[in-house]
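**Q** 3D model of this:
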Amino acid sequence: MSSDQEYANFLEKANQDTGSSSNEVKSSGFAQTKAVDSAVPAPLKNVDAFYQSDTDEPFEPVALKYGKQDSISQDKFSDLINHSGEVEEVSVKDWNTKNHYAEVVEAVKKAGSGKADVQVFRVAHGSTRCEYYIVTLNDEGVVVGVKAKAVES
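**A** The predicted model follows:
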C-alpha cells in the first residue's frame with residue numbers, strides 16, 4: 001500500500017460484513033434503527049462510556065414512546081426500533097459479565113421509574129455486527145436507556 005488512505009480503504013473493505021443481504025444496511029454495516037423520539041432523561045445525557053468490542057463505540061441515549069408500564073418483549077422491542085432482523089433479550093448479568101458497565105446500568109436505572117427491571121436487547125445487523133440496547137421504562141411509559149454498536153468477530 002502506498003498511502004495511509006489506501007490502507008484505511010483496504011481495512012474498511014476487509015471489515016465489511018458479508019453475512020447480510022439487506023438493502024437497509026448502510027455502508028457501516030449497521031441497519032438504521034430508531035433510538036430517540038422522546039425527551040432524553042438527564043442521567044442518560046451524562047453517560048460517558050464506551051462498549052468494548054472489535055470497535056469501541058460510545059453509548060448513546062435511547063428514549064422511545066411505548067405507552068405501557070410492563071416489561072418489553074423481544075417482538076415489541078423489534079417493532080419499537082423499526083428493526084426487521086433478529087432481536088434477542090440477554091440478561092444484564094450475561095451482558096455485563098465482568099461488571100465493566102455498572103455505571104451504565106445504574107444510569108439507566110436512574111432514568112427509569114424503578115418499577116421495571118433493566119433489560120438488555122441484542123439487535124443483530126448481520127453475522128458480526130450488532131447493537132446492544134440497555135433499557136427500562138419510566139413513569140410516562142417511555143423506554144429509556146442507552147445503546148452501543150458492537151463488532152463481534
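**Q** What's opposite E89 in the beta bridge?
**A** Per DSSP bridges, the residues bridged to E89 are F121.
**Q** got a list of what it touches?
**A** E89 makes contacts with Q74, F77, Q119, V120, F121, R122, as judged by Cβ atoms under 8 Å, 6 or more residues apart in numbering. All C-beta atoms are positioned from the backbone trio N, CA, C, and that covers glycine.
**Q** Please tell me the pLDDT value assigned to it.
**A** Among the per-residue scores, E89 holds a pLDDT of 97.
**Q** Relative to N138, how far out is it?
**A** 19 Å (Cβ to Cβ, to the nearest Å).
**Q** next one: D117
**A** From D117 across to N138, the span is 13 Å (Cβ to Cβ).
**Q** Compare the two and say which one has the larger neighbour count.
**A** Applying other Cβ atoms under 10 Å to D117 and N138 shows that N138 carries more neighbours, namely 21 against 12.
**Q** what sits against the more buried one?
**A** Contacts of N138 by Cβ under 8 Å, 6+ apart are P41, A111, G112, S113, V144.
**Q** Roughly how far does the second one sit from T128?
**A** Same thing as A111. According to Cβ to Cβ, A111 and T128 sit 30 Å apart.
**Q** So if I had to pick from those two, which one is more boxed in?
**A** A111 (26 against 19).
**Q** Now for that one: which residues touch it?
**A** P41, A42, P43, L44, T136, N138, V144, G145.
**Q** what do you get for I81?
**A** Neighbours of I81 in contact, by Cβ under 8 Å, 6+ apart: T33, K34, A35, L64, V87, V123, Y133.
**Q** coming back round to it: show me just the buried residues among the contacts of N138.
**A** Among the contacts of N138, those classed as buried by 16 or more other Cβ atoms under 10 Å are P41, A111, G112, V144.
**Q** Which residue comes closest to the last one once chain neighbours are left out?
**A** Ranked by Cβ to Cβ, 6 or more residues apart in numbering and with sequence neighbours excluded, the top spatial neighbour of V144 is A111, at 4.4 Å.
**Q** Please apply the same query to the first one.
**A** Nearest-residue entry for P41: A111, 3.9 Å, with adjacent residues in sequence omitted and distances by Cβ to Cβ, 6+ apart.
**Q** For this protein, just list every one of the strands.
**A** 50-51, 57-58, 60-65, 87-90, 119-124, 129-137, 142-151 (DSSP state E).
**Q** what comes up buried for stretch 131-148?
**A** Quick answer for stretch 131-148 (16+ other Cβ under 10 Å): 131-138, 142-148.
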